[in-house]
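Visitor: build the 3D model from these lines:
(2 chains)
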Amino acid sequence: MKFYYFDPDSPQSNLVSLKHEMDSLLASKGLHISFQPFAHSQDFNRKIREAKPAFCILPSWYLLQDDIRRQFTPILKPTRHGITTYRKVLLIANGYAKITTALAGKTMAVVGMGSRSFANLNRIIFLPNKLNASSLSIITTTKDIDALFALVLHQVDAALVSKNNIDYIRKINPRILKDIHILAESQPIPLPILCVAQGTVPTAVRKDIEKLFLAYSERSGNLMDMLQIEGWQYYVQ
Amino acid sequence: MFNKLVIIILMFGCVTCAQTCLAKVKGPIVVLLSGDEEAYHKPVVTFGEEMQRPIQLFNLHGDIKNNPDLKKKVMSTKPALIFAMGAKAAYAAKLWTSNRQDIPVLFAMVLNWQRYHLLDQQNVTGIAAETAPGTQFVNMSVISSNIRRIGIVLSRYSSEILIQARKNAKLLGLELETSIIQRPRDFKRAFKKMATQVDAYWVVNDPVIYTLSNIDWLKERCLKEKMLCVGQSSNSAKFGLALTFNPDYIGVAYQAASMAKNILAGNKNPAQFGVMPPLATQITLNHNTSQFIGLKLTPRAMNMITKIIN
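Guide: Sure thing, here's the model as predicted:
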């Protein structure tokens, strides 16, 4: 059985280590499930359709796709700082004066959110903050942190980045962020969701996975930091 | 009455212009490859999937002489945009559109793009093949937050890189210790002089510095000095440097697709984009070297490494 993982907002780039930790966790409970993390949406898109996994952790916006929603059922959602959502922040480098004119004709780096990326961005950040993004040039990055660094280096005019990643970098080296400030904050975005493939996974295996992850917070160590998750709870719509 | 007529004519002109523009945008995207390199394959597939519109693929197979009718074939498709991968494709696309600068050309994977004067035409834009100095420095300072001073030895051929490096270092609050040399044999003296004054050394792809003899020597010297030496390709890590930062070419394809979509939507024209640096980075750590030189990485920094080799 396979267990796929895709989260472009995660600062975790060392997928070999992530796989090792997760495979060890699964094996420790006698679960013969192979964990496969993905760095690029192109590879994840193809594999999840060609070789459907038994379980997957994927971004909430990914589940909005009709074919994915038909094939996978959310079962658990993670918590971070005690809540099941996170926020992204629209950042600019020091020097932009007015929020209303800040985006006109500018470039913004952001992790892609699938084929309906702009619609998703409109929903979570532009419309709620009454920002006119019609002339904004969106530049897609594969990692959230690359978008942040692009702004730090003035390679783009703005960046939409997970607040969690700003805190992550701040704890490593706060000097990098000295000239960045927040223009707007997104609506709460559900953290990546653990799903099970419909109709193909034995109930006993599903229950084992639920039990393993619900007890997850008791197993600390690097895996928690890698996934940036503190615990799991049942998914209730 | 006359004013009303002028307004009607202007409106008709605007509508016609908009329709013409839209008609142009409806053409296919042409992807033009310089040759059959394996390195182009995945980025091209990624680019095509991201564009979500018809793509037509053409290949120079290393030399335009291999297919002298290629220009005619490409231009007969009435392309909305040409995505050129590699130097030969970029140069060809620039030439072919010299009288058709309404067709945007976007290039990627062109080493030392400045050599080909690609930006002499307003319709050309692209993504540099080399990671910007600032991207190298910011990743360095995240991987090892103790770095404050970075050493660089380079020749006059890398003067543009030095200008950018100084600008980026200032943004990040880092200091640069630089030495400009004229001849390859001056490298060792220059490096030895700065080795005790810096926290890390950045290896620039400079034609005077980058000789086999110098790089062999540098690898040994970095170990001897227990100096963090940082390169720009993962091969350098395999060779023995502790850390390297290089572009993620799948990420470059996503970036290229974004730029192409913005150009076609009229948000920006090629001249406004200029040449962007690649935003997506891969970080490779040579574990043995890093241990030997005493590079201490926090678990968080380790989690940001893309690839660890021994």
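Visitor: what pLDDT does residue A:193 get?
Guide: pLDDT, the model's per-residue confidence, is 96 for residue A:193.
Visitor: once you drop chain neighbours, what's closest to it?
Guide: Leaving out its chain neighbours, the residue that sits closest to residue A:193 by Cβ to Cβ, 6 or more residues apart in numbering or on different chains is residue A:74, at 4.7 Å. Where you see a C-beta, it was placed from the backbone N, CA and C, and this is true even at glycine.
Visitor: so what does the helix or strand harbouring that neighbour touch, helix or strand wise?
Guide: Secondary-structure assignment from DSSP states H and E places residue A:74 in strand A:72-79. Helices and strands in packing contact with strand A:72-79 are listed as strand A:193-197, helix A:203-214, strand A:231-234; criterion 3 or more Cβ pairs under 8 Å, 6 or more residues apart in numbering or on different chains; DSSP states H and E.
Visitor: ok, the shortest one: who's next to it in the sheet?
Guide: The reference is to strand A:231-234. Partner strands and pairing direction for strand A:231-234 (DSSP bridges) are strand A:72-79 (antiparallel).
Visitor: and the partner strand with helix A:203-214, angle?
Guide: With axes from the mean of the first three to the mean of the last three Cα atoms, to 10 degrees as the basis, strand A:72-79 and helix A:203-214 are set at 20 degrees to each other.
Visitor: circling back: mind checking what helix or strand follows the strand holding residue A:74 in sequence?
Guide: Of the helices and strands lying after strand A:72-79 in sequence (DSSP H and E), the nearest is strand A:85-86.
Visitor: strands paired with that next one, and their directions?
Guide: Strands flanking strand A:85-86 in the sheet, each with its direction: strand A:189-190 (antiparallel) (DSSP bridges).
Visitor: quick one: distance of the strand it pairs with to the chain centre.
Guide: Average the C-alpha atoms of strand A:189-190, do the same for its chain, and the two points are 9 Å apart (Cα atoms, centre = their mean, to the nearest Å).
Visitor: phi, psi of residue A:153?
Guide: Geometry field for residue A:153 lists phi and psi as phi -90, psi 10, criterion degrees, to the nearest 10.
Visitor: after the lengthiest helix in chain A, which helix or strand is next?
Guide: In terms of residue count, the longest helix belonging to chain A (DSSP state H) is helix A:15-28. On the C-terminal side of helix A:15-28, the nearest following helix or strand under DSSP H and E is strand A:34-38.
Visitor: what about that following strand and chain B, any contact?
Guide: No: no part of strand A:34-38 sits near chain B under the criterion Cβ under 8 Å from any Cβ of the partner chain; the closest distance found is 11.1 Å.
Visitor: tell me which helix or strand comes right after that strand.
Guide: Towards the C-terminus, the helix or strand next in line after strand A:34-38, according to DSSP H and E, is helix A:41-50.
Visitor: ok so, going back, strand A:193-197 and the strand holding residue A:74, what's the angle between them?
Guide: Between strand A:72-79 and strand A:193-197, the angle formed by their directions is 160 degrees, by the same axes, to 10 degrees.
Visitor: hmm, who's touching strand A:72-79?
Guide: Outside of strand A:72-79, the residues within contact range by Cβ atoms under 8 Å, 6 or more residues apart in numbering or on different chains are A:56, A:58, A:63, A:84, A:190-198, A:206, A:209-210, A:213-214, A:227, A:229-235, A:237.
Visitor: pLDDT of it, averaged?
Guide: When the per-residue pLDDT values of strand A:72-79 are averaged, the result is 95.
Visitor: report the buried residues of it.
Guide: Of the residues in strand A:72-79, those with enough neighbours to count as buried (16 or more other Cβ atoms under 10 Å in any protein chain shown) are A:72, A:73, A:74, A:75, A:76, A:77, A:78, A:79.
Visitor: return the most buried member of the helices and strands packed on strand A:72-79.
Guide: Comparing those by mean neighbour count (mean count of other Cβ atoms under 10 Å in any protein chain shown), strand A:193-197 ranks first with a mean of 22.
Visitor: which residue packs closest to residue 222, ignoring adjacent ones?
Guide: Since you didn't name a chain, this refers to chain A. Nearest in space to residue A:222, with sequence neighbours left out and distances taken as Cβ to Cβ, 6+ apart, is residue B:299 at 5.6 Å.
Visitor: that's the wrong chain, I wanted chain B
Guide: Setting aside the residues directly before and after it, residue B:222 is nearest to residue B:229 in space (Cβ to Cβ, 6+ apart), at 4.0 Å.
Visitor: the lowest-mean-pLDDT helix or strand in chain A packs against which elements?
Guide: Counting by mean pLDDT, DSSP states H and E, chain A has its least confident helix or strand at helix A:222-227, which shows a mean of 79. Under the contact criterion of 3+ Cβ pairs under 8 Å, 6+ apart, helix A:222-227 touches helix A:15-28, helix B:299-303.
Visitor: possible to save these as TSV with mean pLDDT and mean neighbour count?
Guide: Conversion of these to TSV gives the following (pLDDT from 0 to 100; neighbours: other Cβ atoms under 10 Å in any protein chain shown):
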stretch	mean pLDDT	mean neighbour count
helix A:15-28	92	16
helix B:299-303	87	18
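Visitor: poorly predicted segments of the chain, please.
Guide: This is for chain A. Low-confidence regions of chain A, defined here as pLDDT under 70, cover residues A:95-102, A:217-221.
Visitor: look at chain B instead
Guide: Applying pLDDT under 70 to the predicted model, the residue ranges of chain B that meet it are B:1-25.
Visitor: could you measure from residue A:54 over to residue A:40?
Guide: Counting by Cβ to Cβ, to the nearest Å, the gap from residue A:54 to residue A:40 is 22 Å.
Visitor: also residue B:275?
Guide: 24 Å.
Visitor: in stretch B:73-89, what counts as buried?
Guide: The neighbour-count criterion (16+ other Cβ under 10 Å) identifies B:74-75, B:79-89 as the buried residues of stretch B:73-89.
Visitor: residue B:52 reaches residue A:116, doesn't it?
Guide: No: applying Cβ atoms under 8 Å as the test, residue B:52 and residue A:116 come out as separate, 10.9 Å apart.
Visitor: these two: who's more crowded?
Guide: residue A:116 (13 against 10; other Cβ atoms under 10 Å in any protein chain shown).
Visitor: quick one: terminal-to-terminal distance for stretch B:98-107?
Guide: Length of stretch B:98-107, first residue to last, Cα to Cα, to the nearest Å: 15 Å.
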